[in-house]
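Asks: Sequence first, predicted coordinates after that:
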Amino acid sequence: DTGVSQDPRHKITKRGQNVTFRCDPISEHNRLYWYRQTLGQGPEFLTYFQNEAQLEKSRLLSDRFSAERPKGSFSTLEIQRTEQGDSAMYLCASSLGLPKNIQYFGAGTRLSVL
Amino acid sequence: DQQVKQNSPSLSVQEGRISILNCDYTNSMFDYFLWYKKYPAEGPTFLISISSIKDKNEDGRFTVFLNKSAKHLSLHIVPSQPGDSAVYFCAASAIHETSGSRLTFGEGTQLTVNP
């Protein structure tokens, strides 16, 4: 039973650098979500894919952020010109969709921007 | 605009007793509610959910109650075990929106179950 997999688990980068994270969802799940979590808060929605189509983006997702899901399988989240405020846990989740849309989360990628 | 709120940052209970975690929401469009448990260095793990057409759902030691008129839900864990010690997140979604049913989370409650 393979769950949602995220890579890397930890990323330390210098301000201004670009970083890319990968998420491999549960294989039969057609929906994929990215969330961001900061200390003391719950996860906040960033963006959502149904198969390969990116259908929704949060206002939190500035133009420095881009996400892709080629062929509707794995997804990547890229942050360009990182800032210290980007330091957070980036969580990926996948689901089968309706009727319940229970989302299953990966372990996350912890980003530290120095 | 915090649409889902968990007003207790922490809760401490004795092993074997009941743990009650509370959650309030403001958005009347929410029609599906979930509880997740999170251990350090892991992602949130799904525990139990409830649709707005129900007022109670049970799964083993876990029961979720929903009071739609009060926009309030609670998670009961009985009996509590030390392994239940974790952060618990309440989450809500509007299943029937076309938006993909994003989850809106509360801030979390740290539950500590003492042996």
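Replies: In hand now; what should we look at?
Asks: What residues does chain B have near chain A?
Replies: Neighbours of chain A within chain B, by C-beta under 8 Å from any C-beta of the partner chain: B:4, B:32, B:34, B:36, B:41-46, B:49, B:51, B:89, B:91, B:93, B:95, B:99-108. In short, each C-beta sits where N, CA and C put it, glycine included.
Asks: can we see that at 7 Å?
Replies: Contact residues, chain B versus chain A (C-beta under 7 Å from any C-beta of the partner chain): B:32, B:34, B:42-44, B:46, B:49, B:89, B:93, B:95, B:99-103, B:105-108.
Asks: Could you list the low-pLDDT ranges of chain B?
Replies: Filtered on pLDDT under 70, chain B yields the residue ranges B:96-100.
Asks: Now with 80, please.
Replies: Scanning chain B for pLDDT under 80 picks out B:1, B:95-101.
Asks: Which part of it gets nearest to chain A, residue-wise?
Replies: At 3.0 Å from chain A, residue B:105 is the closest residue in chain B, using C-beta to the nearest C-beta.
Asks: Backbone dihedrals for that residue, please?
Replies: Residue B:105 adopts backbone torsions of phi -100, psi 150, taken as degrees, to the nearest 10.
Asks: Just the buried residues of the residues of chain B next to chain A.
Replies: The neighbour-count test (16 or more other C-beta atoms under 10 Å in any protein chain shown) marks B:32, B:34, B:43-44, B:46, B:49, B:89, B:93, B:95, B:100-103, B:105-108 as buried among the residues of chain B next to chain A.
Asks: Test my guess that residue A:35 contacts residue A:44.
Replies: Yes - counting by C-beta atoms under 7 Å, residue A:44 is a contact partner of residue A:35 at 6.0 Å.
Asks: list the contacts for residue 75?
Replies: In the absence of a named chain, this looks at chain A. A:23, A:32, A:49, A:67, A:68, A:69, A:92 (C-beta atoms under 7 Å, 6 or more residues apart in numbering or on different chains).
Asks: meant chain B actually
Replies: B:21, B:35, B:62, B:64, B:88.
Asks: want to throw the residues you listed into TSV with secondary structure and neighbour count?
Replies: Supplementary listing: the contacts of residue B:75 in TSV, determined by DSSP: H, G, I helix; E, B strand; the rest coil; neighbours: other C-beta atoms under 10 Å in any protein chain shown:
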residue	secondary structure	neighbour count
B:21	strand	21
B:35	strand	24
B:62	strand	17
B:64	strand	24
B:88	strand	23
